[in-house]
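K.L.:
no sequence for this one, just the structure:
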């Protein structure tokens, strides 16, 4: 893998458009060709017709990496923390993939620039793949394409895949559903502790990172979170979320974060929770794909004559929408 | 219809649980019994098993009312405007239904109190139905239950149904998809004009109401909106959104709003747009119901053995999620 190719370009679809080319592309990604990795991620991101073939070719590599979700409100220092975390994981000999998902993230969108600025420390490291993914303005996009993108990185030999997303509304809950271990970043004085409770963050966080811990109010933030954790009901077999202080901009506390991640992984394995989480994840993925197929089939009926005709009948009061839906489904089955 | 029963209670499910009781209930609603109206709305809101039977019984009354959507950020005066608009429509001899949808609305949730406080002017008017509906924390709820609730009110003889919802995120776009005519309320000095552009409000508003028009900045707000409308590309056959000033708290400008609604309705009819909008709405409704049925069918497969077994295979890398989804759909069809 050459130095200049370590950064995975976002728009490298190339000419691989037929399913029969997929095994070769996967083979090249396995050999560490970053262009092949980039093409595969672009294909799964765009929902290309080759996606099922890609998924089939990647299946054997499923589950090889620890998937770490990283979320937090804008301004808590997600990019800096990711950057330092990559450094720490590399120091432990891991191959690391980063998927940065969100329009407002410095990695995302036209964010090759952002990647360069923030992640230039890793630009010459062949053991790091960094890729920004568009969430395409809807949350479904994240859940549909991201598991496949994770598999691409697993196929390319990554031991750890960091999935970074901004903590806004539902997205942070979604990232937790994709990850083995979920980090929630907070910063002092942002009212985040209370927000966390509101957003249900307490339920999804395996590790809280209080970043910018050199600032006023850090002690209060740590105390608030620990208070909330203490209040939460938790059985003897349940994980107790860890709280770690960090100053990512100075690289402080990041090793503690890496230790907490390792500790959580060990706990997951010990309690057979890793298998359980991954099976639940796979079930959700299969369901989402099945629903997508059905939605597409219904959509294709728009082009037929039946849905418009049924809709006209409903609008005119000649039939009701439930009877019309039944007629539509009968056509779908037929 | 007695005075004390005009207010439609939110929790009056009663004993009507079987589909064979539905025609009688619909007949009573047709006769103006507010308790029957309340029960029917509660049943459609809760997704009761009788909903298809209710929809079938109500189908003949579909399309009798003009559905007016009313949206805007918190604090712009939606409740006051709705209140005054009801008064104006009553003065023109219309029977009016109000569906107030949103947890933060004074009508909603435990909002019988809110209803009383805000809408007490209409408490003794048998020509007005007011009902708050929970959006149940997810947007799907609004689109699923509201069209049926509108039909209940149409069945009860309402000429105009106002659907009020707070303008947050996607909800305001959804209300537009339910309505013949969409009013967007703004107030001076809230930065709403710029927000409106961001949220795609310009595309959904048929009438802009600048409320609190006696405040500083009202002229600037009106100018901003008119500027945006002027900038918008619009063919010769397209509606040009109206801008109306109002001070709802003093009842000023509300007649102008009613006139703008009438004008828009006339335009819709003249351009055959009313039929087109309602057919598109019915198509979306039928699709949503069909997808809901399919989702429920997939959900029922969780209880079978196949999805967990398939998920375990996917998690173990023995198969891929697309092949698993195909197997699941084959079971669904079988």
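P.N.:
It's in. None of these values were measured; they are calculated from a predicted model. Residues are numbered from 1 along each chain as shown, chains lettered A, B, ... in the order given.
K.L.:
can you list phi and psi of the residue positioned nearest the centre of chain A for me?
P.N.:
Of all residues in chain A, the one closest to the mean position by Cα atoms, centre = their mean is residue A:163, 4.3 Å from it. As for residue A:163, its main-chain torsions (degrees, to the nearest 10) stand at phi -110, psi 110.
K.L.:
correct me, but it touches residue A:66?
P.N.:
No - Residue A:163 is beyond contact range of residue A:66, at 11.1 Å (criterion: Cβ atoms under 8 Å). (Glycine included, C-beta is placed from N, CA and C.)
K.L.:
quick one: the nearest residue to residue A:205 once chain neighbours are set aside from chain B, how far?
P.N.:
Across the structure, with Cβ to Cβ, 6 or more residues apart in numbering or on different chains as the measure, the residue nearest residue A:205 apart from its sequence neighbours is residue A:184 (4.0 Å). Distance of residue A:184 to chain B, given as Cβ to the nearest Cβ, to the nearest Å: 22 Å.
K.L.:
which SS class is residue A:184?
P.N.:
Residue A:184 carries the three-state label strand when classified by DSSP: H, G, I helix; E, B strand; the rest coil.
K.L.:
for residue A:146, same thing?
P.N.:
Following three-state DSSP, we place residue A:146 in the helix state.
K.L.:
for residue A:243, same thing?
P.N.:
Of the three states, residue A:243 takes strand under three-state DSSP.
K.L.:
for the residue lying closest to it once chain neighbours are set aside, grab the count of nearby residues.
P.N.:
The spatially closest residue to residue A:243, leaving aside those adjacent along the chain, is residue A:208, at 4.7 Å (Cβ to Cβ, 6+ apart). When neighbours are defined as other Cβ atoms under 10 Å in any protein chain shown, residue A:208 has 28 of them.
K.L.:
helices and strands of chain A: which one bottoms out on pLDDT?
P.N.:
Ranked by mean pLDDT, DSSP states H and E, the helix or strand of chain A with the weakest confidence is helix A:112-119, at a mean of 40.
K.L.:
how does chain A divide into domains?
P.N.:
Segmentation of chain A into domains, based on automatic domain parsing, reads A:62-271, A:282-333.
K.L.:
quick one: is the last one near chain B?
P.N.:
Yes - judged by Cβ under 8 Å from any Cβ of the partner chain, domain A:282-333 and chain B are in contact via A:282-283, A:285-287, A:289-291, A:293-295, A:298, A:302, A:307-308, A:310-312, A:314-326, A:328-329, A:332-333.
K.L.:
could you give the angle of the helix ranked longest in chain A to helix B:273-303?
P.N.:
Criterion DSSP state H: the longest helix present in chain A is helix A:273-303. Following axes from the mean of the first three to the mean of the last three Cα atoms, to 10 degrees, one obtains 150 degrees for the angle between helix A:273-303 and helix B:273-303.
K.L.:
any idea which helix or strand comes after helix A:273-303?
P.N.:
Using DSSP states H and E, the helix or strand that directly follows helix A:273-303 along the chain is helix A:306-315.
K.L.:
buried stuff in the helix or strand following that following helix?
P.N.:
Scanning the chain past helix A:306-315 towards its C-terminal end, the next helix or strand to appear is helix A:321-333 (assignment: DSSP H and E). Applying a neighbour-count criterion of 16 or more other Cβ atoms under 10 Å in any protein chain shown, the buried positions in helix A:321-333 are A:321, A:322, A:323, A:324, A:325, A:326, A:327, A:328, A:329, A:331, A:332.
K.L.:
give me every residue in the stretch 51-200 of chain A that's in contact range of chain B.
P.N.:
Contact residues (Cβ under 8 Å from any Cβ) of the stretch 51-200 of chain A with chain B: A:51, A:52, A:55, A:56, A:58, A:59, A:60, A:61, A:62, A:63, A:147.
K.L.:
skipping its backbone neighbours, what lies nearest the fifth one in space?
P.N.:
The shortest distance from residue A:58 to any non-neighbouring residue, by Cβ to Cβ, 6+ apart, is to residue A:151 (4.3 Å).
K.L.:
list the contacts of that neighbour.
P.N.:
Residue A:151 makes contact with A:55, A:58, A:59, A:61, A:62, according to Cβ atoms under 8 Å, 6 or more residues apart in numbering or on different chains.
K.L.:
could you do residue A:94 as well?
P.N.:
Contacts were defined as Cβ under 8 Å, 6+ apart; by that measure residue A:94 touches A:127, A:159, A:160.
K.L.:
related to what we said a few turns ago, in a markdown table, list the domains of chain A along with distance to residue B:267.
P.N.:
Output for the domains of chain A, formatted as a markdown table (distance: least, Cβ to Cβ, whole Å):
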| stretch | distance to residue B:267 |
| --- | --- |
| domain A:62-271 | 31 |
| domain A:282-333 | 18 |
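K.L.:
for the residue nearest to the centre of chain A, give the beta-bridge partners.
P.N.:
Counting by DSSP bridges, residue A:163 is bridged to residue A:69, residue A:99.
K.L.:
about what we covered before: take the residues of domain A:282-333 next to chain B and, keeping just the buried ones, write it as a ChimeraX select command.
P.N.:
One line in ChimeraX is enough to select the buried members of the residues of domain A:282-333 next to chain B, burial here meaning 16+ other Cβ under 10 Å:
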select /A:282,283,285,286,287,289,290,291,293,294,295,298,307,308,310,311,312,314,315,316,317,319,320,321,322,323,324,325,326,328,329,332
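K.L.:
show me which pair in the contacts of residue A:151 is furthest apart.
P.N.:
A:55 and A:61 (11.0 Å; Cβ to Cβ).
K.L.:
any idea which residue of chain A is furthest from its center?
P.N.:
Computed with Cα atoms, centre = their mean, the maximum C-alpha offset from the centroid of chain A is found at residue A:318, amounting to 46.5 Å.
K.L.:
where does the nearest residue to residue A:148 once chain neighbours are set aside land in three-state SS?
P.N.:
Once its chain neighbours are removed from consideration, residue A:148 has its nearest residue in residue A:44; the separation is 3.9 Å (Cβ to Cβ, 6+ apart). Using three-state DSSP, the secondary structure recorded for residue A:44 is helix.
K.L.:
against residue B:225, how distant is residue A:44?
P.N.:
42 Å (Cβ to Cβ, to the nearest Å).
K.L.:
give the contact list for residue A:51.
P.N.:
Residues in contact with residue A:51, defined by Cβ under 8 Å, 6+ apart, are A:43, A:44, A:148, B:322.
K.L.:
my guess is the first one meets residue A:54, correct?
P.N.:
Yes - in this structure, residue A:43 is within contact of residue A:54 by Cβ under 8 Å, at 6.2 Å.
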